[in-house]
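Visitor: what's the 3D shape of this:
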Amino acid sequence: MKQVYLVFALLISTSLFSQKVISQKVNSSELGTSRNIKVYLPKGYDVDETTNYPLAIILGDEYLFDLYVGNAKLYANVDKAPRQIVVGIDMKNTYAKDISIIPANNALTTSGVHFFNFIKHELIPFMEGNFRTSAFMTIVGEGKGANFITHYLKDEQPVFNSYICITPDFPQFAPVIIDSYSLNRLGSIDNTYFVYTSNNKKYIDTDQYNRFSDIKTLLTSYEAKNLHVNFDEFETAPSYLSMIGETIPRAFTQMFALYSKITKEEFEANVKDLAPLDAIKYVEKKYLDIQYLYGSNLNVRLDDIFAIEDIVIDRQDGDYLRVLGDFVMIKYPDSHMGDFYIGKYYELGKDYEKADFYYKAAYGKMDPSDPNTNAFYENIKRVNDLMTTVKKEKPTQENTEDENQEQQEEDKE
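Guide: Residues are numbered from 1 along each chain as shown. Coordinates of the predicted model:
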């Protein structure tokens, strides 16, 4: 059933994305000829001319390309990943030659070196020169192609941030060769790297599975905090094909975890025990990190503001509500939430006149059709009632003070 679903998904994705896919020809001195590529441009690419997009390079321009594009659109539409530019390389007649290795030592053959350099020195500059790409780059390969892409990890500063190795076919000496890359060195580089690998021992031979396990043990032993490694064993996968279909979305979940809004798990692990000011700084830093890593100039989501709202209101007497309000007003000047937080700040401080001013400003920004307007108006009524109460109490207090003063004067006489 899953295989039928996979074929159906591929047919749907092809029809959906055909209008957004363009064909290009890249001249290559490395290959001694030109090479055809497919380029998927995400929704909004032609509308917003200032946005840069992460680049994904797929070894192959057929089903793997369609799978990646389908997941890229899905994750972007639900705000779980930035929109991406996706490139599929035509390898129909050259696949074995392009990714060929010398079995005795897992080194690339002459043809493999040329294809390796074509991607690094010709295709990437071509994409950067002709499309609005960001610095975050992904490369995807399956089987022997998955082994091929690991060779980019040996570069002093790897050009790719993310490596999606789908059911890799590792040769005999792959563990030794990958160990020689000394990937602990990545910890000293100001960048972030992801390696996502999938397999299932039911569908590969014992030697292949042992190599897979050895490389897993090796890579997961590194202490480089900016290297995120996941070797996923699909123990319940009903078929080899289903693993291919599942690998890309699982890899997305890992490599775009930072991009997503604050999840319940992230809140529990990193946010819930923070002081109000630290919680505000956490959200601000999260979006600076998103921009730095993915090149996405993403405005702070209101959902992430709401995630820390109770912390700021309930702790330290709400003293940092003014900071939160100013922060929101900068990010969302037309939203009522910034004025609301400042109004709440003054209400907790018992400055009801200023609270009334900001609550009214917030109410004025709300859409009359918003179902929350009537409930929000209760804030204005509440602080007005409090102002009335204070004004009534004030003369009584003044009279008491006058009587005390008169009594003190009589006592002196």
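Visitor: now the helices: where do they sit in the stretch 101-250 of the chain?
Guide: For the stretch 101-250 of the chain, the helices defined by DSSP state H, counting those that start in this stretch occupy 110-117, 124-130, 144-149, 174-179, 206-220, 240-255.
Visitor: what's the most buried one of the ones you listed?
Guide: Mean neighbour count (mean count of other Cβ atoms under 10 Å) peaks for helix 144-149 among the helices of the stretch 101-250 of the chain, with a mean of 23. C-betas here are computed from N, CA, C, even on glycine.
Visitor: Let me see the mean pLDDT of the host helix or strand of Gln24.
Guide: Taking DSSP states H and E as the definition, one finds Gln24 inside strand 21-28. Regarding strand 21-28, the rounded mean pLDDT is 96.
Visitor: go on, stretch 96-104?
Guide: Averaging pLDDT along stretch 96-104 yields 93.
Visitor: same deal with stretch 293-305?
Guide: Taken as a whole, stretch 293-305 has an average pLDDT of 94.
Visitor: What's the end-to-end length of that stretch?
Guide: 21 Å (Cα to Cα, to the nearest Å).
Visitor: what comes up buried for it?
Guide: Using 16 or more other Cβ atoms under 10 Å as the test for burial, stretch 293-305 gives Leu293, Tyr294, Gly295, Ser296, Val300, Arg301, Asp304, Ile305.
Visitor: picking up where we left off before, could you check the strand holding Gln24 and say which residues are buried?
Guide: Val21, Gln24, Val26, Ser28.
Visitor: quick one: strands adjacent to it?
Guide: With DSSP bridges as the test, strand 21-28 is paired with strand 33-40 (antiparallel).
Visitor: Just the C-alphas of the strand it pairs with, formatted as CSV.
Guide: Only the C-alpha atoms of strand 33-40 are listed here, as CSV (Å, rounded to 0.1, in the frame of the first residue of the first chain):
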residue,chain,number,x,y,z
THR,A,33,30.7,19.0,-22.3
SER,A,34,27.6,20.6,-21.0
ARG,A,35,25.2,19.0,-18.5
ASN,A,36,21.5,19.5,-18.2
ILE,A,37,19.9,20.4,-14.9
LYS,A,38,16.4,21.0,-13.6
VAL,A,39,15.8,23.9,-11.3
TYR,A,40,12.8,24.2,-9.1
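Visitor: what's the angle between that strand and helix 110-117?
Guide: Interaxial angle of strand 33-40 relative to helix 110-117 (axes from the mean of the first three to the mean of the last three Cα atoms, to 10 degrees): 40 degrees.
Visitor: any idea how far strand 33-40 is from the chain center?
Guide: Mean-position distance between strand 33-40 and its chain equals 28 Å (Cα atoms, centre = their mean, to the nearest Å).
Visitor: hmm, who's touching stretch 30-43?
Guide: 17, 20-28, 53, 61, 65, 69, 72-73, 76, 83-90, 114-115, 117-118, 121-123, 127, 131 (Cβ atoms under 8 Å, 6 or more residues apart in numbering).
Visitor: Met366: which of the buried residues of stretch 293-305 is nearest?
Guide: Ile305 (16.5 Å; Cβ to Cβ).
Visitor: what's the closest one in contact with, if anything?
Guide: Shown in contact with Ile305 (Cβ under 8 Å, 6+ apart): Val283, Leu324, Val328, Met337.
Visitor: out of the residues you listed, which is most surrounded?
Guide: When those are compared by neighbour count (other Cβ atoms under 10 Å), Leu324 ends up highest, at 28 neighbours.
Visitor: Just the pLDDT for that one.
Guide: In this model, Leu324 is scored at 97, pLDDT.
Visitor: related to what we said a few turns ago, restrict the strand holding Gln24 to CA atoms and write it as CSV.
Guide: Output of strand 21-28 as CSV, limited to C-alpha atoms (Å, rounded to 0.1, in the frame of the first residue of the first chain):
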residue,chain,number,x,y,z
VAL,A,21,10.6,23.7,-12.9
ILE,A,22,12.9,25.2,-15.6
SER,A,23,15.6,23.4,-17.6
GLN,A,24,19.1,24.8,-17.9
LYS,A,25,22.3,23.7,-19.5
VAL,A,26,25.6,24.2,-17.7
ASN,A,27,28.8,24.2,-19.7
SER,A,28,31.6,22.3,-17.9
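Visitor: least trustworthy helix or strand in the protein by mean pLDDT?
Guide: helix 2-17 (a mean of 44; mean pLDDT, DSSP states H and E).
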